[in-house]
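> build me a model from this:
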Amino acid sequence: MRKLSGLLPHWIGAYPKGKLGADLTAGLIVTVLVIPQSLAYALLAGLPPQMGLYVAIFPVIAYSLLGSSMVQAVGPVAITAIMTFSVLSPIAAPGSPEYLLLAAALALLSGGMLLACGLLRLGFLSQMLSRPVISGFISGSAVLIVFSQTRHLLGLPKGDVHDLAQLGELAQQILHSPTAAIGLLALAALIVCRSWLKGWLESTGLSSGKAAFIVRLMPLVVVLLGTLAVIYWNLDRERGVKVVGSIVEGLPGFTFFVPEMSTIKSLLMPAFVMTLIGMVQGISMAQALAIKRRERIDANAELVGLGGANIVAAFYGGMPVGAGLSRSAVNVSAGAQTPLASIVAALAMIAVVAGAAHWFERLPLAVLAASIIVAAFSMIDIKALRQAWAYDRADGLAYLGTAGGVLLFGIEAGIGLGVLLSTATLLFRASTPHIAVLGRIAGSEHFRNIARHQVETIPGALFIRIDERLFFGNLSAIELRLNLELEHIEQPRDVVFVMSAVNLMDATAADVFNELNQDLLERGIRLHLAEVKGPIQDRLMRTAFWKSLSGKVFLSANEAFEALLVPSENVQRRSIKP
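Take a look at the predicted model:
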């Protein structure tokens, strides 16, 4: 019995019975609310609508048993859907048997990578992408989603517009199109509900939690009203309004397959990008939810859960899944307390797939497009761009470069450009380190930048601090700055490198510092070190630089200051530069 309990998730063994009612209720509510979303994201991925329902069953259960988050919800999400369509549509026709197989292979490869990262305890890789790059990627993908759904929203025919006459005809079609009318009305209703309904409900005395729940319920209400309108006026059969169409009912069996080597080669890089994005988004979202609930998550367990969910999705449903922001928000607002709520939702979805899927066959695509567009707009993070630009232009450029790359060159190129910009920014900052000339605050042992504070300095002595690791890429900048500062000192005799901010020093840096020591010695200047970190000192003690150091190694900058202060000299007062 103990061995069996060891195989079960921790939350099952210590499940509080008092939370059972809340989890059961939340699971049923989530099932109802995410049905339109599941159908919409399957269509967005270029897959039959029922696949969105399929991957909301066993992949959800797999994550609930393997992941560590108590309330994060997994299923078809907008980012993975648009990535799936962007990657696979140039290779195969959406909806074709080949396309379905490729989608399943993509889920299997990305799931395998996520699972491997989790088992190898590589959760720290989720920090490879900076937040501006992630925000830029998601924002660029959201714009792509909006463009891709405009045709469904307005009922536009396929084909490009080549002249003004065609543009005028197209405008007339939109004005007299019942599809456009339904889509635009649904879009307006969703925007109003998202923007103003919550505030209005709260003004009537409703609690914030209940108001938020009603707002999340509105997309389902809009879907039901749109479907009823199509049925009542027979718009799909008489006016050509496009609907979801036939949905295959019943549970499909598990389909085990092994992708061909050619398929693996063509999908390996897209699967890696999807893995990276899923890793960052899933872990960061789980952490945010855990912080709000004063809980903790295991990043590696999250990767195992997401990987297991995608592997199950490959064999059952054939659509990549991820951690959904809106799904998780619905799960939390519905009152979910543990992963049991997700398991209840998955079991309830079985009943929907087995006998109620046909209820959604006359759901208009324009309404689904409206719901996708509203969700996509909420993913466009202009606030993150403003904050990044105000704080650091390099981060702002990384955001814009990633978003622009996604829009102009595609998802893979966009994320690659974002990584390239982030890496270039990191290398630029490391190769141009902040270097401060220090002086002592009068009456204290504190040393500060002479350009920012009123300090005391010793004639002929230069105290300099390097706020960066020392490696081959920034040594020339350090030498240049040192020589410039020595030119401003009359009869320099001592240079003190304050190493408090240096946490790494490579072999090239040790050689260059040895050469610098010899050069200064020939000019009659002693080189000293202060506040050297233990690991760096351990390495330096094995080098020629340490043995030939012309000066001393001081425990602190103040100790060096006192040792170099000649009794017959007075310290110089230096004011802040205007």
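
> in the stretch 201-350 of the chain, which spans are helices?
With DSSP state H, counting those that start in this stretch applied, the stretch 201-350 of the chain shows helices at 208-233, 235-238, 261-292, 299-315, 325-333, 340-355, listed in chain order.

> out of those, nearest to Leu156?
For Leu156, the closest of the helices of the stretch 201-350 of the chain is helix 235-238, at 16.8 Å, according to CB to CB. C-beta coordinates here come from the backbone N, C-alpha and C atoms, glycine included.

> in that closest one, which residues are buried?
Using 16 or more other CB atoms under 10 Å as the test for burial, helix 235-238 gives Leu235, Asp236.

> ok, stretch 254-273 next?
Of all the residues in stretch 254-273, those buried under the rule 16+ other CB under 10 Å are Pro259, Thr263, Ser266, Leu267, Pro270, Ala271, Val273.

> go on, stretch 509-528?
Ala509, Ala510, Val512, Phe513, Asn514, Leu516, Asn517, Leu520, Ile525, Arg526, Leu527, His528.

> ramachandran coordinates for Met505?
Dihedral pair for Met505: phi -140, psi 110, per degrees, to the nearest 10.

> what's near enough to touch the closest residue in space to it that isn't next to it in sequence?
Distances taken as CB to CB, 6 or more residues apart in numbering place Leu470 nearest to Met505, at 4.5 Å, with adjacent residues excluded. Residues in contact with Leu470 (CB atoms under 8 Å, 6 or more residues apart in numbering) are Ile478, Val502, Leu504, Met505, Asp506, Ala509, Phe513.

> make it 10 Å
The contact partners of Leu470, taken as CB atoms under 10 Å, 6 or more residues apart in numbering, are 430, 433, 478, 497, 499, 502-506, 508-510, 512-513, 536.

> quick revisit: rebuild the buried residues of stretch 254-273 as TSV, extending it with pLDDT and distance to Asn300.
Formatted as TSV, the buried residues of stretch 254-273 follow (pLDDT from 0 to 100; distance: CB to CB, whole Å):
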residue	pLDDT	distance to Asn300
Pro259	92	26
Thr263	93	28
Ser266	93	29
Leu267	94	25
Pro270	91	24
Ala271	93	20
Val273	88	21
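
> reformat those as a markdown table; add distance to Val352.
Shown next, in a markdown table, are those (distance: CB to CB, whole Å):
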| residue | distance to Val352 |
| --- | --- |
| Pro259 | 30 |
| Thr263 | 32 |
| Ser266 | 34 |
| Leu267 | 31 |
| Pro270 | 31 |
| Ala271 | 30 |
| Val273 | 32 |
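
> just those now: which is nearest Gly443?
Using CB to CB, the buried residues of stretch 254-273 come closest to Gly443 at Val273, 57.3 Å.

> the closest one is in contact with Ile411, isn't it?
Yes: between Val273 and Ile411 there is a contact at 6.9 Å, judged by CB atoms under 10 Å.

> which ones are touching Tyr232?
Residues near Tyr232 by CB under 10 Å, 6+ apart: none.

> next secondary structure element downstream of the lowest-mean-pLDDT helix or strand in the chain?
In the chain, no helix or strand scores lower on mean pLDDT, DSSP states H and E than helix 2-7, which sits at a mean of 51. Counting by DSSP states H and E, the next helix or strand C-terminal to helix 2-7 is helix 10-13.

> chain center to stretch 278-293: distance?
10 Å (CA atoms, centre = their mean, to the nearest Å).

> can you give me the mean pLDDT across it?
For stretch 278-293, the mean per-residue pLDDT is 84.

> buried residues of that stretch, list them for me.
Neighbour-count burial for stretch 278-293, counted by 16+ other CB under 10 Å, picks out Gly278, Met279, Val280, Gln281, Gly282, Ile283, Ser284, Met285, Ala286, Gln287, Leu289, Ala290.

> which one of those residues is nearest to Gly401?
Distance to Gly401, by CB to CB, is smallest for Val280 among those, at 17.3 Å.

> residues near the closest residue in space to the closest one that isn't next to it in sequence, how many?
Leaving out its chain neighbours, the residue that sits closest to Val280 by CB to CB, 6+ apart is Ser126, at 4.9 Å. The tally of other residues near Ser126 (other CB atoms under 10 Å) stands at 21.

> surely Ser126 and Leu303 touch.
Yes: using CB under 10 Å, Ser126 is in contact with Leu303, at 8.1 Å.

> of all the helices of the stretch 201-350 of the chain, which lies closest to Pro59?
helix 299-315 (4.1 Å).
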